[in-house]
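> Okay, here's the prediction I keep looking at, along with the sequence it came from:
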Protein chains: 2
Amino acid sequence: MSEKTRITDTMSEDELNARHAEKMKKKKAARDKIVATKTVEKGLVIVHTGKGKGKSTAAFGLVFRAIGNGMKVGVVQFVKGKWETGERAALDRFRDQVTITAMGDGFTWETQDRQRDIEAARQAWERAKAMIMDAEHDLVLLDELNIVLRYDYLDVNEIVTFLKQKPEMKHVVVTGRNAKDELIDFADLVTEMTMVKHPFRSGVKAQKGIEF
Amino acid sequence: MSEKTRITDTMSEDELNARHAEKMKKKKAARDKIVATKTVEKGLVIVHTGKGKGKSTAAFGLVFRAIGNGMKVGVVQFVKGKWETGERAALDRFRDQVTITAMGDGFTWETQDRQRDIEAARQAWERAKAMIMDAEHDLVLLDELNIVLRYDYLDVNEIVTFLKQKPEMKHVVVTGRNAKDELIDFADLVTEMTMVKHPFRSGVKAQKGIEF
């Protein structure tokens, strides 16, 4: 039994409550102090990477949060078919706030045509650049761009150089596993999604409403 | 220079393209084979944990994906104020598909009242139980339940025992850092969000549309 458990066991409910109030008070004070030092507002470059689930899903959550705040959002899909069902249907309710562009036929192992994929990636990136530079969109999501960079269909240095001169307040979100170091170095906020446990391992298939 | 780079450098574009097509063909075959073995459909218990960003945001993305697929969703917020702005406004467009319940005043270091928090947690859990058992909701999100469990306001064993007898096809999503081992053991899908880089460190404050 740990020291902490023993102390807690001998405390009355009143003592526990008092100790809790004290602890929370300190926590609040510490938190308020930290928040007071954070004063900079700027458009963030956000990267969701890692082998786990939730990279695009969290980006999709960001898109809806931004929409809910009245912002305008641009989405460029670099992988085909990923947003075709649930996301598309939900976004349809906000047509005046969302612009969605899919990359040609989209990169996928279905196509097996490298030259066509490179051209499609280039076109999608040109669309992305326009939305990143314009005065209309507040947030631009480059969904699965990391996969395209991983295959060297686009040059990560070109992307980083471009993002360096983006409008100050524009938020850019990039998703996909295997994010390149150059992009991670430049980004403001990087989260790695790690798979702890996956139902695929026990024969469960991808299901509507959860996976797509 | 690596072996791989040297080989690639001496290959013509045609050779590169042919090699790519072959590689993608193999990848597709491998993937199709794996997918064919996944045949089980069941309601999943999904946990988003870790110290990184995106736990609730990815859950929020799942909620919208489910809504887009015509499903009905129940949300129980165990921490106050988190979904008050962007998410709430966006969910308002789907009132017929979403039920949102906030836990009393919600657990927060603002309250500093342990007994009131315990009672509020208990009430919120009762609401959650009803939505998990009913025939109406397809997915139930228990946002930040892990925090409540971490403070032992609710007993994790009670939660797991209850989830064991949930309706077969009901999806349940639990978020919050420090997920308890008992919950991780029971869950079907567990993702850990790890912070690689955070803008707070360079004085950037929480911003509308991104953080809330």
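On my side now, so go ahead. Since the structure is predicted, the reported quantities are computational estimates derived from the model, not experimental observations. Residues are numbered from 1 along each chain as shown, chains lettered A, B, ... in the order given.

> what about the helices in chain A?
Per DSSP state H, chain A carries helices over the ranges A:3-10, A:13-37, A:55-68, A:86-91, A:114-133, A:145-150, A:156-164, A:181-186.

> Which strands or helices does the third one pack on?
Looking back up the chat, that one is helix A:55-68. Contacts defined by 3 or more C-beta pairs under 8 Å, 6 or more residues apart in numbering or on different chains; DSSP states H and E place helix A:55-68 against strand A:45-49, strand A:73-79, helix A:86-91, strand A:139-143, strand A:171-175, strand A:189-197, helix B:55-68, helix B:86-91. C-beta coordinates here come from the backbone N, C-alpha and C atoms, glycine included.

> can you put these in a markdown table and add mean pLDDT and distance to B:Phe78?
A markdown table is the format used below for the helices and strands packed on helix A:55-68 (pLDDT from 0 to 100; distance: least, C-beta to C-beta, whole Å):
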| stretch | mean pLDDT | distance to B:Phe78 |
| --- | --- | --- |
| strand A:45-49 | 96 | 24 |
| strand A:73-79 | 92 | 28 |
| helix A:86-91 | 86 | 24 |
| strand A:139-143 | 97 | 28 |
| strand A:171-175 | 97 | 27 |
| strand A:189-197 | 90 | 21 |
| helix B:55-68 | 93 | 11 |
| helix B:86-91 | 86 | 15 |
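
> Output these as TSV; include the columns distance to B:Leu189 and mean neighbour count.
Below are these laid out as TSV (distance: least, C-beta to C-beta, whole Å; neighbours: other C-beta atoms under 10 Å in any protein chain shown):
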stretch	distance to B:Leu189	mean neighbour count
strand A:45-49	17	26
strand A:73-79	21	24
helix A:86-91	17	21
strand A:139-143	21	28
strand A:171-175	18	27
strand A:189-197	6	22
helix B:55-68	11	27
helix B:86-91	22	21
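
> Quick one, which of those gets closest to A:Val160.
Of all those, it is strand A:45-49 that lies closest to A:Val160, at 9.2 Å by C-beta to C-beta.

> between the closest one and helix A:156-164, how many degrees?
Strand A:45-49 and helix A:156-164 are oriented at 140 degrees to each other (axes from the mean of the first three to the mean of the last three C-alpha atoms, to 10 degrees).

> Show me the contact partners of strand A:45-49.
A:54-56, A:58-59, A:62, A:146, A:163, A:171-179, A:183-184, A:186-193, B:54, B:196, B:210 (C-beta atoms under 8 Å, 6 or more residues apart in numbering or on different chains).

> let's see 7 Å
A:55, A:58-59, A:146, A:163, A:171-179, A:183-184, A:186-193, B:54 (C-beta atoms under 7 Å, 6 or more residues apart in numbering or on different chains).

> how about it as PDB, C-alpha atoms only?
Taking C-alpha atoms only, strand A:45-49 is exported to PDB below (Å, rounded to 0.1, in the frame of the first residue of the first chain):
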ATOM      1  CA  VAL A  45       0.700  25.300 -38.800                       C
ATOM      2  CA  ILE A  46      -0.700  22.100 -37.300                       C
ATOM      3  CA  VAL A  47       0.500  18.600 -38.100                       C
ATOM      4  CA  HIS A  48      -1.300  15.300 -37.200                       C
ATOM      5  CA  THR A  49       1.000  12.300 -37.800                       C
END
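
> can you state the direction angle for that strand and strand A:171-175?
With the same axes, to 10 degrees as the basis, strand A:45-49 and strand A:171-175 are set at 10 degrees to each other.

> Run me through the strand neighbours of strand A:45-49, direction for each.
Applying DSSP bridges, strand A:45-49 is found paired with strand A:171-175 (parallel), strand A:189-197 (parallel).

> can you put those in a markdown table and add distance to B:Ala120?
Listed next are the strands paired with strand A:45-49 as a markdown table, based on distance: least, C-beta to C-beta, whole Å:
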| stretch | distance to B:Ala120 |
| --- | --- |
| strand A:171-175 | 34 |
| strand A:189-197 | 29 |
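
> Contacts only, for the residue nearest the centre of chain A.
Nearest to the geometric centre of chain A sits A:Ala59, at 3.5 Å (C-alpha atoms, centre = their mean). Going by C-beta under 7 Å, 6+ apart, A:Ala59 touches A:48, A:141, A:143, A:173, A:175.

> From A:Phe60, how far off is the third one?
Between A:Asp143 and A:Phe60 the distance is 8 Å, computed by C-beta to C-beta, to the nearest Å.

> and what of the last one?
Between A:Thr175 and A:Phe60 the computed distance is 9 Å (C-beta to C-beta).

> and what of the second one?
Distance, A:Leu141 to A:Phe60, using C-beta to C-beta: 8 Å.

> Next: A:Lys28.
32 Å.

> Beta-bridge partners for the closest residue to A:Lys197 other than its chain neighbours, please?
Nearest residue to A:Lys197, sequence neighbours excluded (C-beta to C-beta, 6 or more residues apart in numbering or on different chains): B:Val190, at 4.1 Å. Beta-bridge partners for B:Val190, by DSSP bridges, are A:Lys197, B:Val47.

> hang on, B:Val190 packs against A:Val196?
Yes - counting by C-beta atoms under 7 Å, B:Val190 does reach A:Val196; the two are 3.8 Å apart.

> any shared contact partners between these two?
B:Ile184.

> Say whether chain B is contacted by stretch A:69-89.
Yes - using C-beta under 7 Å from any C-beta of the partner chain, stretch A:69-89 reaches chain B at A:69, A:71, A:85-89.
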